[in-house]
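> here you go, sequence then predicted model.
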Amino acid sequence: RKDIVTSSDSSESKLSRCLNTVDLTLLGVGSTLGVGVYVLAGGIARDTAGPAIILSFLVAGVASALSGLCYAEFGARVPKAGSAYVYSYVTVGELAAFVIGWNLLLEYVIGTASVARAYSGYLDSLLNNTMKNAFRSAMPMDSPFLAEYPDWTAFFITLVLAFVLSVGVQESARFNNIFTLLNIAVVTFVVIAGMVKSDVGNWHLAVPDNPDHVRMGDGGFFPYGVSGMLSGAATCFYGFVGFDAIATTGEETLNPQRSIPIAIVVSLMLVCLAYVGVSGVLTLMVPYYLQDPDAPLPTAFRLVGLPSAAWIVSVGALFGLSTSLLGAMFPLPRVVYAMANDGLIPRFLGSVHSYFHTPFTATVLAGLLSGVMCLLFDLSQLVDMMSIGTLMAYTMVSLSVLLLRYRCEDSGCGEYTPLATKDNQYDSEEDLFARRAPDKLTYTRTEYLRQMFNLDRLVSPTPLSAHVANHSALMFAFFSIPFSLMSQMTAWHVKYGMAFMCLKLLMCVVVMARQPSSSSAHLSFKVPGVPVLPALSILINVFLTTKLSGQTWVRFSVWMLVGFIIYAAYGWRNSSEEYRMRGETPPEDRQSNNGK
């Protein structure tokens, strides 16, 4: 079952349309530029990548940029709240959409809680760990599955942010814009001040005497090898999580088809430039093995004799983490709103406040859930879960771009209806996506093989060409899994399997490239280099998921099991598409008709 998005859906929204391109760009920068700069860089440089952390950020940035281009095209196609959840619903189907939506909830809840704890930690470092010592002595928690102490500071910070978001989007945007500009100013100061104290010799150091046998690698620019650089990229990917917050604002943006693509591309370029600059000066100022994993920038400036710069950076980190916290929570209630509106989770969560025009209930409950998590749990082991949910969402969006580009849009194909005439209330609405399922396609083996290489030189998609392209795209995503696993094995016989899988992947791309693509001239933005760039995005994202630990996959499996239980018990029977299949009007359509 696939969702139906009509032209009126794109223009009529109960949410307030008040955001412009600058607001979205600063939202993307603020959502992304925070923990990666102020916390993540030191630990990765010291323990995983060394000075090659620059390349780690570049690899992660390329992966995010490829996914960002796919997000940008979908932002132009489907300007609705819900991000990857909506994109997968209208292209792949309901079950895939629920899986992606459930993963996005995991991503944003953990993201909000982790940034809140990082914010609390930085604030406490300015107070000489006064809060940490007080909480630990008053309420110690000895359970191995919980934090050492309840972080009440992080809890109340999360509640205050939830209140700010529930009051109104425009007010939240002003708050984000001011703090993001201050954050960019601090990052610029870090790069300039750091270059003054840089020493290129720190990229060519030999390993010093190590009587305590602390892990230091082999020295040089790649102390942990190329493998360490790639492992660092999988962790650095966390630093780019957040730009997809832009894609959740489709119903609150003045001109979403234009603003969303521009904001995604520009914000990712600015963030990648900032990460590379900061990580570069960080490892040039101080040897990689002396980096502080908790507060690397203030520590580095103190070690090179600039304590005043360390204080400026510490205060600036609060600005940066404030915008990251806003960006982490901002999309959470909007994904809840979209899923509740479709009936996959209880519909009361999708209610919009009559005065504030925000998803008030979803925002308050999301703030409480994130607050409880940052109050009770030590999130260091859960950060990888955030990455795995995000990578799955990115993979689905890239795959959806391929599926849509080669879809047969001719009314004779049975996959696209120019005008909806089935129901009276839709008589004047043009469907953006399929309303009825296509008839069963029949073909011979010879016809399929001829179409694989388009020997008939078709210029417009047909049902068979769309089927061949879809099959190749799905097979490419499937073969990316064994290819990524084999690339990390060292046995000699695995190389033959890798060569075979490489040929399979290449064949899938060649077959897709030979198929006629659907017209996309009406789009304000479309991904260049289709099918190569979306396919490369899928491959990189799948590879990065295989670099995550087995424990992450176990925890992820438990989360997905809970989600499937909810879907089977509630979502399957109460979704809007289930109502339509039964010939009934979905509740949200009844409410909109009553309001007219």
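Sure thing, it's come through.

> now residue 504, nearest residue through space, not along the chain?
Residue nearest to residue 504 in three dimensions, not counting chain neighbours: residue 479, with 4.9 Å by C-beta to C-beta, 6 or more residues apart in numbering. The way it works is simple: take the backbone N, C-alpha and C, and place the C-beta from them, glycine included.

> that neighbour: what's it in contact with?
Residues in contact with residue 479 (C-beta atoms under 8 Å, 6 or more residues apart in numbering) are 501, 504-505, 508.

> next: residue 456.
Residue 456 touches residue 450, counting by C-beta under 8 Å, 6+ apart.

> residues contacting residue 537?
Per C-beta under 8 Å, 6+ apart, neighbours of residue 537: 63, 66-67, 69-70, 394-395, 398.

> just the closest of those to residue 237, please.
Among those, residue 63 lies closest to residue 237 (C-beta to C-beta), at 6.5 Å.

> mind checking what helix or strand follows the helix or strand of the chain with the lowest mean pLDDT in sequence?
Across the helices and strands of the chain, mean pLDDT, DSSP states H and E gives its lowest value to helix 7-11, namely a mean of 46. Toward the C-terminus, helix 7-11 is succeeded by helix 21-32 as the next helix or strand (DSSP states H and E).

> ok, and what's touching the helix or strand just after that following helix?
Note on helix 21-32: by DSSP H and E, the next helix or strand toward the C-terminus is helix 35. The contact list for helix 35 (C-beta under 8 Å, 6+ apart) reads 114-115, 118, 238-239, 321, 324.

> still on that earlier bit, in JSON lines: the contacts of residue 537, plus pLDDT.
Converted to JSON lines, these look like this (pLDDT from 0 to 100):
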{"residue": "63", "pLDDT": "84"}
{"residue": "66", "pLDDT": "87"}
{"residue": "67", "pLDDT": "86"}
{"residue": "69", "pLDDT": "85"}
{"residue": "70", "pLDDT": "86"}
{"residue": "394", "pLDDT": "85"}
{"residue": "395", "pLDDT": "88"}
{"residue": "398", "pLDDT": "90"}
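
> distance to residue 90, neighbour count and secondary structure added to those, as a markdown table?
Output for the contacts of residue 537, formatted as a markdown table (distance: C-beta to C-beta, whole Å; neighbours: other C-beta atoms under 10 Å; DSSP: H, G, I helix; E, B strand; the rest coil):
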| residue | distance to residue 90 | neighbour count | secondary structure |
| --- | --- | --- | --- |
| 63 | 24 | 24 | helix |
| 66 | 21 | 24 | helix |
| 67 | 18 | 30 | helix |
| 69 | 19 | 26 | helix |
| 70 | 14 | 27 | helix |
| 394 | 17 | 29 | helix |
| 395 | 17 | 25 | helix |
| 398 | 15 | 28 | helix |
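
> and the helix or strand harbouring residue 373, what does it pack onto?
Secondary structure assigned from DSSP H and E places residue 373 in helix 360-376. Judged by 3 or more C-beta pairs under 8 Å, 6 or more residues apart in numbering; DSSP states H and E, the packing partners of helix 360-376 are helix 94-126, helix 152-167, helix 307-329, helix 331-341.

> just name the most buried of those.
Highest mean neighbour count among the helices and strands packed on helix 360-376 (mean count of other C-beta atoms under 10 Å): helix 331-341, with a mean of 27.

> same for that helix, what does it pack against?
Packed against helix 331-341, as judged by 3+ C-beta pairs under 8 Å, 6+ apart, are the following elements: helix 84-91, helix 94-126, helix 360-376.

> of the ones you listed, which approaches residue 564 most closely?
Using C-beta to C-beta, the helices and strands packed on helix 331-341 put helix 94-126 closest to residue 564, at 8.5 Å.

> average model confidence for that closest one?
Taken as a whole, helix 94-126 has a mean pLDDT of 83.

> could you point out which element follows that helix?
Following helix 94-126 in sequence, per DSSP H and E, is helix 130-138.

> and the angle for that next one with helix 152-167?
Angle of helix 130-138 versus helix 152-167, following axes from the mean of the first three to the mean of the last three C-alpha atoms, to 10 degrees, is 120 degrees.

> buried residues in helix 130-138?
131-132, 135 (16 or more other C-beta atoms under 10 Å).

> may I have that helix as CSV, with CA atoms only?
Presented in CSV, the C-alpha positions along helix 130-138 are these (Å, rounded to 0.1, in the frame of the first residue of the first chain):
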residue,chain,number,x,y,z
THR,A,130,30.1,21.1,40.4
MET,A,131,26.8,19.7,39.1
LYS,A,132,28.3,16.3,38.3
ASN,A,133,29.7,15.9,41.8
ALA,A,134,26.5,17.1,43.5
PHE,A,135,24.3,14.8,41.5
ARG,A,136,26.6,11.8,42.0
SER,A,137,26.8,12.2,45.7
ALA,A,138,23.1,12.9,46.1
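
> now do it: everything it contacts.
Residues outside helix 130-138 that contact it (C-beta under 8 Å, 6+ apart): 120-121, 123-124, 148-153.
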